[in-house]
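1. model the structure of this input:
(chains A and B, ligands or ions: 2)
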Amino acid sequence: MDIKPILSSLRRSPTGAILVALQIALALAIVVNSLFIIVQRFEKVNRDPGVDVPNIFFVGWVPSSDSYQGEVTMREDLATLRSLPGVKAATVINAVPLSGGGSSTSVFTEPNEKGRRADMNYFEVDEQGLDTFGVTLTEGRNFDATIVTKPPRNSSFSPSGILVTQDVAKELFPKESALGKTIYTGTSQPVTILGIIDHMHGSWPGWDNVGDVALFPVIPDETYARYMVRAQPGQRDAMMKQAEEALNKVDNGRVILKVRSLEYIAANTYADDRAMAVYLSVVIALLLGIAALGIFGLAAFNVSTRTKQIGTRRAVGARRTDILKYFLAENWLITSLGVVLGCVLALLLGYWLSTTFELPRLKLYYLVLGVVGLWIVSLAAAFRPARRASLVSPAIATRTV
Amino acid sequence: MFEMTQVTKAYRTDLLETHALREFSLKVDKGEFVAVTGPSGSGKTTFLNVAGLLETFDSGSYRLDDVDVSKLDDDARSRVRNHKIGFIFQSFNLIPDLNVFDNVDVPLRYRRMQAAERRERINSALDLVGLSSRMKHLPSQLSGGQQQRVAIARARSRVIRHCCSRTNPPATSIR
Ligand SMILES: Nc1ncnc2c1ncn2[C@@H]1O[C@H](COP(=O)(O)OP(=O)(O)OP(=O)(O)O)[C@@H](O)[C@H]1O
Ligand SMILES: [Mg+2]
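-> Ligands and ions are numbered 1, 2, ... in the order given. This is a model prediction of the structure:
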């Protein structure tokens, strides 16, 4: 295909072509970066949380009368829950994982806040905590019931031994096993690492260190305690009902507030990410649609204003395919100009997004994908007008007024 | 050799049928010069469109250099137009976005000719019509007569072999 005459013809009346090229450039820049963000969100939502999300649910409650007896009541309730045949494990817990709310603390490898440091998201659970989360230990052992304690309110109590995830273990002891090591709280109280959890996500999916989690053998204070229950596979919904009924039968000075599945809670937490992905997908579809309309409009305009020229070309020897190729090539040139500009814009936008919002830098792979995508869209959009051009009769050359 | 026998062509619209050519016959030999005259609406343009393979006809036969052109497909008709027929249109039909050189180049490009040979032909065709000095001008920058000469150069460039070969093409000026 000879592009030189197409280029010289484009240079004579460049306005429409430049506008469409700019539109393509903007579309490419936004589409590529949106796609990149969508994929990141998608990866975030689909990470393995390590926790048995589909089978876990939570029971929220508050003390309501004088017959409430703290740890005794909680132990009774847990016994009730564990006696249900469809329940695998249950624990009291201070916060809900994947919910966006929770507690964290810093620990150090040496007293007085010295040595290596790790910030970890901790959960206060009893001896069934590990099993209720559905996570496994790679090293060490679970704590037993004897060390589970309910500290007095407002004391700066630290458990004697805890479980931490491998993520925490590696941060504190990058070169050796953390098992059995003593670490120190901010108030220099010693704590032994009793076991290492393979992998689990904590309370804040948006946090970079969402996998830095510890389990403390502690009965939490009733102001934020709730029960976490893990049902046998497939029995969660039935157990949610039965658990509420069973607990309501026992009058021991507390009322059940709500029973929620972890699936529901996690979906809520990730709702923004999903909404963003959907929103950006719509933006991409709209931008591609508008770009396609612009390309179609320009091609259709060019064809209809050049019918006599097309007829003349046909008269002096152009075949239908020559005319088709002419308009597709003209459109390809315009698109390519837009794509080149768009690549520059996309990289600038990507750079700006990554520095302003601390996002990862745009991967070039997405740019290639965007370029190929826009070429296909533009080819598809220009095809009908180009085909109409190829069907112009050569007789137009003599019949037009 | 040009030979039309009993060629018929009718235009049909929803309302009526116009017989633009009715059993039209004509034979033209090599080297002959023919002018077609007639009152307005008598079918001159129709005849030339059919003769120039711009339009098809309904019945009869048309042989051009011993080829039955009614049997040719669209691509082959394009090829015949490109190789054997030169058009000088009433309104010249130059392409407004292309300069004089590129306009004369149009039919040659559809012949997939090498750039060097094209350049040679264009130069001699423009030389012949005395427009070598206007090669970079756009049609809109030319007088009517100059535009017509570009159209003549475009029609002739197809047959000019190197400088000043004198084979006469069947050039038709369609009015
Ligand atoms: N596309 C068409 N559809 C319908 N009728 C047509 C069409 N083209 C031409 N005609 C009719 O065919 C007849 C012959 O037209 P043609 O253009 O060949 O005449 P002409 O001899 O060239 O006239 P003039 O000297 O005015 O240019 C006319 O009656 C015209 O109205
Ligand atoms: Mg006429």
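2. quick check: pLDDT value at the closest residue to ligand 1 within chain A.
-> Nearest residue of chain A to ligand 1: A:Arg399, at 6.1 Å (Cβ to the nearest ligand atom). Yep, even glycine has a C-beta here, placed from its N, CA and C like the rest. With respect to pLDDT, A:Arg399 scores 79.
3. likewise B:Arg158?
-> 71.
4. equivalent analysis for A:Lys4, please.
-> 84.
5. coming back round to it: report the contact partners of the residue of chain A closest to ligand 1.
-> B:Thr45, B:Asn49 (Cβ atoms under 8 Å, 6 or more residues apart in numbering or on different chains).
6. can you give me the domain boundaries for chain A?
-> A:4-45+A:271-398, A:65-252 (automatic domain parsing).
7. need those domains in JSON lines with mean neighbour count and distance to B:Ile95, can you?
-> Formatted as JSON lines, the domains of chain A follow (neighbours: other Cβ atoms under 10 Å in any protein chain shown; distance: least, Cβ to Cβ, whole Å):
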{"stretch": "domain A:4-45+A:271-398", "mean neighbour count": "18", "distance to B:Ile95": "5"}
{"stretch": "domain A:65-252", "mean neighbour count": "18", "distance to B:Ile95": "61"}
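8. out of these, flag the one nearest chain B.
-> Smallest distance to chain B across the domains of chain A (Cβ to the nearest Cβ): 2.5 Å, for domain A:4-45+A:271-398.
9. what residues are up against residue 136?
-> In the absence of a named chain, chain A is used. Per Cβ under 8 Å, 6+ apart, neighbours of A:Thr136: A:Ile197, A:Asp198.
10. could you do chain B instead?
-> By Cβ under 8 Å, 6+ apart, the contact set of B:Lys136 is B:Asn99, B:Val100, B:Phe101.
11. quick check: it vs B:Ala125, distance?
-> 16 Å (Cβ to Cβ, to the nearest Å).
12. next one: B:Asn82
-> 15 Å.
13. out of these two, which sits in the more crowded spot?
-> A direct count of neighbours by other Cβ atoms under 10 Å in any protein chain shown for B:Asn82 and B:Ala125 places B:Ala125 higher, at 24 against 19.
14. can you tell me the SS state at the residue of chain B found nearest chain A?
-> Residue nearest to chain A within chain B: B:Asn82 (2.5 Å; Cβ to the nearest Cβ). Put simply, B:Asn82 is helix when judged by DSSP: H, G, I helix; E, B strand; the rest coil.
15. residue contacts, it?
-> B:Asn82 sits next to A:Val316, A:Gly317, B:Pro107, B:Tyr110, B:Arg111, B:Arg158 when contact means Cβ under 8 Å, 6+ apart.
16. could you dump those residues to TSV with distance to ligand 1 and secondary structure?
-> Listed next are those as TSV, based on distance: Cβ to the nearest ligand atom, whole Å; DSSP: H, G, I helix; E, B strand; the rest coil:
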residue	distance to ligand 1	secondary structure
A:Val316	20	coil
A:Gly317	22	coil
B:Pro107	24	helix
B:Tyr110	25	coil
B:Arg111	29	coil
B:Arg158	25	coil
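17. quick one: least confident of these?
-> B:Arg158 (71).
18. other residues contacting stretch A:175-182?
-> A:109, A:139-140, A:164, A:168-170, A:172-173, A:190-196.
19. actually stretch A:342-352, not the one I typed
-> A:24-30, A:32-33, A:36, A:361-362, A:367, A:370-371, A:374.
20. check stretch A:314-328 too.
-> So stretch A:314-328 is contacted by A:1, A:6, A:299, A:302-303, A:310, A:313, A:379, A:382-383, A:385-387, A:389-394, A:396-398, B:52, B:54, B:74-75, B:78-79, B:81-83, B:87, B:93, B:106-107, B:110-111, B:154 (Cβ under 8 Å, 6+ apart).
21. just the residues you listed: which are in helices?
-> A:6, A:299, A:302-303, A:310, A:313, A:379, A:382-383, A:385-387, A:389-390, A:396-398, B:74-75, B:78-79, B:81-83, B:106-107, B:154 (DSSP state H).
22. so how far is the top helix by length along chain A from its chain's centroid?
-> Determined from DSSP H, the single longest helix within chain A is helix A:320-356. Taking Cα atoms, centre = their mean, to the nearest Å, one finds helix A:320-356 lying 30 Å from the centre of the chain it belongs to.
23. what angle do it and helix B:74-84 make?
-> 110 degrees (axes from the mean of the first three to the mean of the last three Cα atoms, to 10 degrees).
24. next, A:Lys114: phi, psi?
-> With angles defined as degrees, to the nearest 10, A:Lys114 sits at phi -110, psi 170.
25. bridging residues for it?
-> Legend: beta-bridge partners of A:Lys114 under DSSP bridges are A:Glu110.
26. residue ranges of the helices in the chain, please?
-> Chain wasn't specified; assuming chain A. A:4-12, A:15-45, A:71-83, A:129-133, A:166-172, A:236-249, A:262-269, A:271-305, A:307-315, A:320-356, A:364-390, A:396-399.
27. hm, I was asking about chain B
-> Using DSSP H, the helices assigned to chain B run over residues B:44-51, B:74-84, B:100-109, B:115-128, B:144-156.
28. in the last one, what counts as buried?
-> Pointing back at helix B:144-156 there. Within helix B:144-156, the residues that qualify as buried are B:Gln146, B:Gln147, B:Gln148, B:Arg149, B:Val150, B:Ala151, B:Ile152, B:Ala153, B:Arg154, B:Ala155, B:Arg156, counting by 16 or more other Cβ atoms under 10 Å in any protein chain shown.
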